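Chemist: below are the sequence and a predicted model; questions follow.
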Amino acid sequence: MATMARTNTGLAYPDRFYAAASYAGFGGSPNSANKDVASKFSNEVALILYALYQQATVGPCNVPKPSPWSPVEQGKWKSWQQLGNMVSAEAMRLFVKILEEEDPGWYSRTSNSVESVRDVQMNHNSNGEPIIENGNSFAETKTISAENGSLMEAQDKDIVLEGLGPVVVYDQWVSPPIKGQRPKARYEHGAAVVQDKMYIYGGNHNGRYLSDLNVLDLRSWTWSKVEASFESKSEESPSPVNIAPCAGHSMIPWENKLLSIAGHTKDPSETIQIKAFDLQTGTWSILKTYGKAPVSRGGQSVTLVGSTLVIFGGQDAKRTLLNDLHILDLETMTWDDFDAVGVPPSPRSDHAAAVHAERYLLIFGGGSHATCFNDLHVLDLQAMEWSRPTQQGEIPSPRAGHTGVTVGENWFIVGGGDNKSGASETVVLNMSTLVWSVVTSVEGRVPLASEGLSLVVGSISGEDILVSFGGYNGRYNNEVNVLKPSHKSTLQSKIMEAPVPDSVSAVQNATNPTRDLESDFEVGQEGKIREIVMDNTDSEHMYMQKSKGEETSELIIATLKAEKEELESSLNKEKLQSLQLKEELTQAETRNTDLYKVLQSIRGQLAAEQSRCFKLEVDVAELRQKLQTMETLQKELELLQRQKAASEQASLNAKQRQGSGGVWGWLAGSPPQNADDA
């Protein structure tokens, strides 16, 4: 009853402020100016609480501006300095008000007596040792309130997620309390979330393809197996539907169905199959598609862009690596293949893909038979043009078998390996700035350093969470892990795109975690503090804060003007370059026209020469025919001449024989022949 009464009535100031400060993580006496920042709040809120604590315990900021090499100290100094001459009592009231907005139940978790609150405030000491970052001390909060109001040991930045049970930290992987029968350990399975339920289908276990469908309720963290049926015979499909076990497929939620696209099977089909599980009827079916379907494959990427699926790469049944691009319109179920301009990614499988702004398809990593990649390729889906932009930040190591999901414009990549070891870092790419950063590392946590694991985005208490399942890293596993990404990565791109003072730009270039603390503060402190002061009924404070806001607005306007001038200068340069290119294009077109005319003239001459050649060939053929005739006549003439010569010779011989017979007869005494005999 004492606790209930204290909750209703509350402590009087300043005791209530001291209790709030102790709960938030600020220690020491009111005049000690302790610089600890409570790690259980966002960076923006932590900086504002720090400023109000300093204002309440020390007074207006009269300390010199810190060195620009200390971005965290600069951020804290600016937040304090902007409070102006706010009185201590008002700072205490605003401190408690912000704490109650951020954590309405804070008071019920504090000590049960005013004296203990006083003792804690006067003798506060963090349970953990201070963390030194960039030369600045931050207390590592080691306690968090449980549901029963007692304190329990926890790690830094601990919070309790509704329905999750154990303590979950920002940007850290944890294992939720799983109930129900876990699915068989596997990798290369498909995963998708529909209405706070994660569905797991298929996969590979010990070289065996699976076909079971399991569902994990993300509110109760309970596994259950879905007893699916198969579509019966129909006129279009006279034989029963055969849903073959598969792995390396992709699963996409569409309308009231789960679509399983492609994948390796024991007896592969010639082309990609689209299987659909109807969530209302609980039946599997094979969807009929039109057009030229791509060759069957596994390890491809499938990305939902509007009402179309963009499919890239993979490995076919003959282990041939692919880098082709296909699009399936889900409204007409029609296939299209495109030959995009530019240099596409090399053939690969087990890569990751994401879409940004419903226009740009990003491809990262993957592997061939001999190596793994860490290159980044972008396809403009409107211009159908490939490009390979420059990556910045902490570029991930080469990997294949990793997985990724997008939260806003941030692309989280988990797992994968390089044929030697699993990738232990969870990394994030800001798709607007193409800057990589490491979210966390999981040394010793084997399932998250695996290949072929799945990753989906769920929601708890209105906040996004990443949920991973399965994978292979020397062994198959069926563990579930959860990560709650902090908001700092989401704000990072807005900071880099918005015009900000030079001091903030310097903070953005820092590579340590303090960069996000300062940057997040710069984005949100002006609006937050102005909101606080607007709630204050003291007109003097309102006037002073308004003056500070006007100074900040003037600075922002000056920065915008400078950037505008720079952009106009760049635009003029681009226009000049465009004119030069147009002039060069005109000259090239003129040269092209002249060359075309010369080409036409040469073509005419060539046609005339071809005609002459044809006539000459005809004449030559006729002459050859005449020559053959003359040769024949010559041979006949020679034959007649030989016959004539032979006849003349025979006649001569006959005459000679006649004359010779009369003389010899007379000498021999033979009688002369009669004239008839002769």
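Modeler: Yep, that arrived. Numbering: from 1, shown residues only.

Chemist: CA only for contacts and neighbour counts going forward, please
Modeler: Will do.

Chemist: from His377, how far off is Thr362?
Modeler: Wrong residue type there; residue 362 is Leu, not Thr. Separation of Leu362 from His377 (Cα to Cα, to the nearest Å): 6 Å.

Chemist: quick check: Lys184 touching Gly471?
Modeler: No - counting by Cα atoms under 8 Å, Lys184 does not reach Gly471; the two are 11.4 Å apart.

Chemist: counting neighbours, go ahead and name the busier of the two.
Modeler: When Lys184 and Gly471 are compared on other Cα atoms under 10 Å, the one with more neighbours turns out to be Gly471, at 32 against 17.

Chemist: okay, and the common contacts of Lys184 and Gly471?
Modeler: Asn477, Asn478 (Cα atoms under 8 Å, 6 or more residues apart in numbering).

Chemist: name the SS class of Thr559, please.
Modeler: Three-state call for Thr559 (DSSP: H, G, I helix; E, B strand; the rest coil): helix.

Chemist: and it, how many neighbours?
Modeler: The tally of other residues near Thr559 (other Cα under 10 Å) stands at 16.

Chemist: for this protein, just list every one of the helices.
Modeler: Ranges of helices in the chain, per DSSP state H, are 2-9, 15-24, 43-57, 71-81, 88-102, 114-122, 488-497, 502-508, 514-535, 539-668.

Chemist: buried stuff in stretch 396-412?
Modeler: For stretch 396-412, burial by neighbour count (16 or more other Cα atoms under 10 Å) applies to 396, 398-407, 409-412.

Chemist: same question but for stretch 350-362, I mixed them up
Modeler: The neighbour-count check on stretch 350-362 (16+ other Cα under 10 Å) flags Asp350, His351, Ala352, Ala353, Ala354, Val355, His356, Arg359, Tyr360, Leu361, Leu362 as buried.

Chemist: so where's the protein shaky on pLDDT?
Modeler: Counting by pLDDT under 70, the chain contains low-confidence residues at 1-11, 27-40, 108-168, 232-241, 444-445, 487-553, 555, 659-678.

Chemist: how is it divided into domains?
Modeler: 14-104, 172-233+243-484, 580-633 (the TED database).

Chemist: what's near enough to touch Thr334?
Modeler: Shown in contact with Thr334 (Cα under 8 Å, 6+ apart): Thr289, Tyr290, Gly291, Leu328.

Chemist: what about those residues, which one has the most neighbours?
Modeler: Leu328 (21 neighbours).

Chemist: now do the contacts for that residue.
Modeler: Contacts of Leu328 by Cα under 8 Å, 6+ apart are Thr308, Leu309, Val310, Thr334, Trp335, Asp336.

Chemist: neighbour-wise, which of the residues you listed leads?
Modeler: Neighbour max across the contacts of Leu328 (other Cα under 10 Å) = Val310, 21 neighbours.

Chemist: does that one really touch Asp324, like I thought?
Modeler: No - counting by Cα under 8 Å, Val310 does not reach Asp324; the two are 10.6 Å apart.

Chemist: how about stretch 275-292: buried residues?
Modeler: Neighbour counts using 16+ other Cα under 10 Å place Lys275, Ala276, Phe277, Asp278, Thr283, Trp284, Ser285, Ile286, Thr289 of stretch 275-292 among the buried residues.

Chemist: the fourth one and Leu287 touch, don't they?
Modeler: Going back to what we said before, that points to Asp278. No - using Cα under 8 Å, Asp278 is not in contact with Leu287, being 11.4 Å away.

Chemist: with only the CA atoms kept, save stretch 361-377 in CSV.
Modeler: Taking C-alpha atoms only, stretch 361-377 is exported to CSV below (Å, rounded to 0.1, in the frame of the first residue of the first chain):
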residue,chain,number,x,y,z
LEU,A,361,17.9,-3.4,-57.7
LEU,A,362,21.0,-4.0,-55.6
ILE,A,363,23.1,-7.2,-55.8
PHE,A,364,25.7,-8.0,-53.2
GLY,A,365,28.2,-10.8,-53.0
GLY,A,366,27.6,-14.4,-53.9
GLY,A,367,29.9,-17.1,-55.1
SER,A,368,31.2,-19.0,-58.1
HIS,A,369,32.7,-22.5,-58.0
ALA,A,370,36.1,-21.1,-57.0
THR,A,371,35.6,-17.8,-55.2
CYS,A,372,33.3,-15.5,-53.2
PHE,A,373,32.5,-11.9,-54.0
ASN,A,374,31.9,-8.7,-52.0
ASP,A,375,31.1,-6.5,-55.0
LEU,A,376,28.0,-4.3,-55.2
HIS,A,377,26.0,-3.9,-58.4
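
Chemist: for that stretch, buried residues please.
Modeler: Neighbour counts over stretch 361-377 (16+ other Cα under 10 Å) mark 361-368, 372-377 as buried.

Chemist: any idea which of those is closest to Glu227?
Modeler: Gly366 (34.2 Å; Cα to Cα).

Chemist: nearest residue to that closest one other than its sequence neighbours?
Modeler: Closest residue in space to Gly366, ignoring its immediate chain neighbours: His351 at 3.7 Å, by Cα to Cα, 6 or more residues apart in numbering.

Chemist: how much space separates the one you found from Asn323?
Modeler: His351 sits 11 Å away from Asn323, taking Cα to Cα as the criterion.

Chemist: before we move on, what about Glu583?
Modeler: Going from Glu583 to Asn323 by Cα to Cα gives 38 Å.

Chemist: just the closest of the contacts of Thr334 to Glu102, please.
Modeler: Leu328 (46.0 Å).

Chemist: kind regards, and thank you for your time.
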